[in-house]
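Q: Turn this into a model:
(one chain, ligands or ions: 1)
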Amino acid sequence: MASVKFARKRGMLTSVRGTGHNVAGTSLCDDGVVIDLSAMKGIHVNPTARTARVEPGVTWAEINHDLQAFGLAATGGFVGTTGVGGLTLGGGLGWMVRKYGCALDNLLSADVVTAEGKLIKASATENPDLFWGIRGGGGNFGIVTSFEFQVHAVGTVLAGLVLHPLSKGGDALRFWRKYEESASEHMSNSLVVFTAPAELPVPDALRREAIVALGGVWVGPLEEGERALRPLREYGPPAADIYQRMPYSAAQTMADFLWPKGLYSYWKSSFLKSLSDGAVDTILDFYAKTLSARTVVVVEHDGDSAWSRVPEDATAFGHRSWPYNMVATTMWTDPKDTEANINWTREFWEAMKPFLADAAYVMLASVSLGSVNIVVTTML
Ligand SMILES: Cc1cc2nc3c(=O)[nH]c(=O)nc-3n(C[C@H](O)[C@H](O)[C@H](O)COP(=O)(O)OP(=O)(O)OC[C@H]3O[C@@H](n4cnc5c(N)ncnc54)[C@H](O)[C@@H]3O)c2cc1C
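A: Below is the predicted model:
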């Protein structure tokens, strides 16, 4: 409140930083005030009510680590290093999206510092318009200093991926598309195309070419999950199967190795109209020509789920009708490779255009909303 009043009195440009995770760097500003919330690390769990109150400097790995002690989990992102604040205010698509919706669907209330520097509460009963706006409107309506979430009894989950070499990826993706048509809501799956980093222990077949990985997290009765996952785990068969039972807190961080800190990034994202044959072939053809082994392409299956049943106008986060969300995360280490990687990403996105919905997830977008996102930055 003091920082807002300070900046307001002097008419200074102001930005708000959660954990600084967004690759677009929207939490920073030049020649202005950065209100940095990253030291606000409080987490208070109420196991009886199954709620958690979380401050805006907390990451998803941190909250789900604390909740695990109670057999509980919060619906957050796919990566543990992501901040709770920015992700929740934009939407929050993650490993339990099909069962429990996105992060903002689980927000019960928030403490908000307004542009006047006042502290108010937003919930379904207090300042309901503001509550509608902060659920999907990003950081545009004030600074959230505390989030109250509904959390869930989750405990142990079945999580992992099956890995196929890129050359067999087309058939594997067509199989997966069919498999997802009847996939239970206990399951939130993605396809991930990446190149094995040196430290990843994979068979030789997956070192010679890129990897098409399919899978995610099953939250529900484990025996039922073993049965439901069998077709996915047997198809091919895959070159590797890394599914296992694990605490949800471990599943929360299992993909972190793909997005380490400090890389140059140029990302594009959009919901997909469908995962058509053309989309599958374009993704695989372009990845085969990628210039950087750090680049990762993800397609999440979010649809036909608790998430898609929330009415589009219930919160400021619309776009509930698209079954798949895609993000091309082009990343590299040497600044001299910047132009080539940007050009590759642009050509890839141009080729994807026929398959993209005219709708993008705000937290993966930056300069230009719609079906594109333009970012060159390094993660802090
Ligand atoms: C590697 C990686 C993986 C990702 N995975 C996912 C994913 O699985 N699912 C998903 O939904 N998104 C994902 N994202 C996008 C993610 O939602 C954003 O990066 C999110 O903004 C990160 O939150 P943060 O608090 O660190 O944000 P910051 O970078 O600190 O801020 C992002 C924006 O939110 C605003 N903001 C942040 N906190 C507050 C606050 N408390 N009050 C007001 N405004 C605030 C900032 O002003 C800024 O405009 C991913 C991003 C990356 C880089």
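
Q: And Ala49, how close does it get to Cys102?
A: Going from Ala49 to Cys102 by CB to CB, to the nearest Å gives 21 Å. In short, each C-beta sits where N, CA and C put it, glycine included.

Q: Looking at the two, which is more packed in?
A: Cys102 (29 against 11; other CB atoms under 10 Å).

Q: Okay, now the unreliable bits of the chain?
A: Residue ranges of the chain with pLDDT under 70: 365-380.

Q: which ones are touching Phe194?
A: With contacts defined as CB atoms under 8 Å, 6 or more residues apart in numbering, Phe194 is in contact with Ala210, Ile211, Ala213, Leu258, Thr295, Val296, Val297.

Q: State the pair within those that is farthest apart.
A: Ala213 and Thr295 (14.0 Å; CB to CB).

Q: Quick one: check the host helix or strand of Ile63 for contact with the ligand.
A: Under the criterion of DSSP states H and E, Ile63 resides in helix 60-68. No: interface with the ligand: helix 60-68 contributes nothing (CB under 6 Å from any ligand atom), its closest point being 8.3 Å away.

Q: Identify the residues contacting that helix?
A: 41, 43, 45, 52, 54, 73-74, 76-77, 79-84, 87, 94, 151, 247-249, 252-253, 256.

Q: Phi and psi next, for the closest residue to Phe271 other than its chain neighbours.
A: Spatial nearest neighbour of Phe271, excluding adjacent residues (CB to CB, 6 or more residues apart in numbering): Trp322 at 3.5 Å. Per-residue torsions, Trp322: phi -90, psi 130 (degrees, to the nearest 10).

Q: Also Met326?
A: phi -120, psi 140.

Q: thinking it is in contact with Ser274, fair?
A: No: checked against CB atoms under 8 Å, the pair Met326 and Ser274 is beyond contact range at 11.3 Å.

Q: which one of these two has more residues nearby?
A: Legend: neighbour count by other CB under 10 Å for Met326 and Ser274, higher for Met326 (27 against 14).

Q: and the gap between the residue lying closest to that one once chain neighbours are set aside and Ser276?
A: Distances taken as CB to CB, 6+ apart place Val299 nearest to Met326, at 4.8 Å, with adjacent residues excluded. Applying CB to CB, the value for Val299 to Ser276 is 12 Å.

Q: When the two are compared, which one has more neighbours?
A: Val299 (25 against 13).

Q: Direction included, what does the host helix or strand of the more buried one pair against?
A: Per DSSP H and E, Val299 falls inside strand 296-301. Paired neighbours of strand 296-301 in the sheet (DSSP bridges): strand 187-194 (antiparallel), strand 324-332 (antiparallel).

Q: who touches the next helix or strand after the last one?
A: The first helix or strand that comes after strand 324-332 along the chain, using DSSP H and E, is helix 338-352. Judged by CB under 8 Å, 6+ apart, the contacts made with helix 338-352 from elsewhere in the structure are 264, 266-268, 270, 279, 282-283, 286, 289-292, 295, 326, 328, 330, 332, 372, 376.

Q: Next, the buried residues of stretch 264-273.
A: Across stretch 264-273, burial judged by 16 or more other CB atoms under 10 Å covers Tyr264, Ser265, Tyr266, Trp267, Lys268, Ser269, Ser270, Phe271, Leu272, Lys273.

Q: repeat for stretch 287-296
A: So stretch 287-296, judged by 16+ other CB under 10 Å, has buried residues Tyr287, Thr290, Ser292, Arg294, Thr295, Val296.

Q: Find the helix or strand that the nearest residue to Glu312 once chain neighbours are set aside is a member of.
A: In space, and not counting its chain neighbours, Glu312 is closest to Gly318: 4.5 Å by CB to CB, 6+ apart. Assessed by DSSP H and E, Gly318 sits outside every helix and strand.

Q: contacting residues around Gly318?
A: By CB under 8 Å, 6+ apart, the neighbours of Gly318 are Gly136, Glu312, Ala359.

Q: What remains of the contacts of helix 60-68 if I keep only buried residues?
A: 43, 45, 52, 54, 73-74, 76-77, 79-84, 87, 94, 151, 247-249, 252-253.

Q: The ligand next: which of those are close?
A: Within those, those near the ligand by CB under 6 Å from any ligand atom are Gly77, Val79, Thr82, Gly83, Leu87, Gly94.

Q: how about these, which pair is most distant?
A: Gly83 and Gly94 (12.8 Å).

Q: Wasn't Arg230 part of a helix?
A: Yes: assessed by DSSP: H, G, I helix; E, B strand; the rest coil, Arg230 belongs to a helix.

Q: Measure how buried it is and give me the count.
A: Arg230 has 10 neighbouring residues, counting by other CB under 10 Å.

Q: so which residue of the stretch 151-300 of the chain comes closest to the ligand?
A: Closest to the ligand within the stretch 151-300 of the chain is Trp259: 3.5 Å, counting by CB to the nearest ligand atom.
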